[in-house]
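A.B. asks: Quick one, structure for this:
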Amino acid sequence: MIILSILAFLILFSVLIIVHEWGHFYAARKSGIKVEEFGLGFGKKLWGKKVGETEYTLNAIPFGGFVKMLGEEEESNDPRSFEQAKLWKRMIITLAGIFMNFVFAIAALTILFSVGTNPILISMADVERAEAAGLITLGEPNEDGRPVITSVKKIQKPFLQSLAFAVTETFRISKAVVEKVGEIPAELIRNKRLPEGLAGPVGIAEVTHKILPMGIFALLKLTALLSISLAVINLLPIPALDGGRFLFQLIELVTFRRTPPKWENAVHMTGYLLLMALLVAVTWNDIVRLFAS
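C.D. replies: Residues are numbered from 1 along each chain as shown. Just a heads-up that it's a prediction; the model follows:
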């Protein structure tokens, strides 16, 4: 079961990354920009195959992925380089991965609401609304003071209604993710700890292990929620993320001047190191919690 859970986690994570990076890849190709490499994972290359002008690689560290475009991180006078592309094309390419994660989430949720699925409850406000709508029944609170859900009514709608509901649910969940991310600085400063519920790869693997016995639709729901989280986090104006790169492009749009690539890359590298430090902290927190439980 453990091996199956690890395999399910790796497939789930890979699907999210491929969806995201395919968005960048497709937008770049349609914009006439040369894509040199489409990589899944980071670090040492384990496998590679060149198709046309693009090399597709599988790398040692199975978390994350990338699309390497000509002139993205270095100066280039090649007319097919990212650097020489028009601003509007670069902006579309930057946001394309985020867009695809949202599209994937909406598609997955549409399927789930069409076949019937439990309501997605993220906060206490969601629990209260679901109870008022008759979707759940609450029992006596547990030892932690949290309400216990004793019965759940599935949400099932015709396809078009499921699609519309999936869009509104994606927006609602995205808002909740933003609020959760916004708690990180305050929680670190005030309580010297990460917010409860914040999970990294180890935490996600643990959740995958628990959900796997529930079946394919439960895994699809988890993948949809993670896809929304990935999209929202990447949209934030943080260096090294798509949102940080888009911020530089917005500055260029307003000022009509492009930040020199070496300066922008230095900012993104600093952001990348800080994000890696946060990832290490979150992973350590997950491991400690896992062993403590």
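A.B. asks: From the centroid of the protein, which residue is nearest?
C.D. replies: For the chain, Leu230 is the residue whose C-alpha lies nearest the centre (Cα atoms, centre = their mean; 1.1 Å).
A.B. asks: Which pLDDT value does the model give that one?
C.D. replies: Leu230 is assigned a predicted lDDT (pLDDT) of 94.
A.B. asks: Touching, it and Asn101? I think so.
C.D. replies: Yes: at 5.2 Å, Leu230 counts as touching Asn101 under the criterion of Cβ atoms under 8 Å. Backbone N, C-alpha and C define where each C-beta goes, glycine included.
A.B. asks: what do these two both touch?
C.D. replies: When Cβ atoms under 8 Å, 6 or more residues apart in numbering defines a contact, the residues bordering Leu230 and Asn101 alike are Leu16, His20.
A.B. asks: Which residues belonging to the strand or helix carrying Val19 are considered buried?
C.D. replies: Counting by DSSP states H and E, the element that carries Val19 is helix 2-30. Buried residues in helix 2-30, counted by 16 or more other Cβ atoms under 10 Å: 5, 8-9, 12-14, 16-29.
A.B. asks: Around Lys154, count how many other residues there are.
C.D. replies: Counted by other Cβ atoms under 10 Å, the residues lying close to Lys154 total 12.
A.B. asks: can you tell me which residues contact it?
C.D. replies: For Lys154, the set of contacting residues under the criterion of Cβ under 8 Å, 6+ apart consists of Gly116, Thr117, Asn118.
A.B. asks: And the closest residue to Leu12 other than its chain neighbours, which helix or strand is it part of?
C.D. replies: Leaving aside its sequence neighbours, Leu12 sits nearest to Thr223 (Cβ to Cβ, 6 or more residues apart in numbering; 5.4 Å). With secondary structure defined by DSSP H and E, Thr223 is part of helix 216-235.
A.B. asks: Give the other helices and strands that that helix contacts.
C.D. replies: The criterion is 3 or more Cβ pairs under 8 Å, 6 or more residues apart in numbering; DSSP states H and E, and the helices and strands that helix 216-235 contacts are helix 2-30, helix 87-115, helix 159-191, helix 201-211, helix 242-255.
A.B. asks: tilt between it and helix 201-211?
C.D. replies: 160 degrees (axes from the mean of the first three to the mean of the last three Cα atoms, to 10 degrees).
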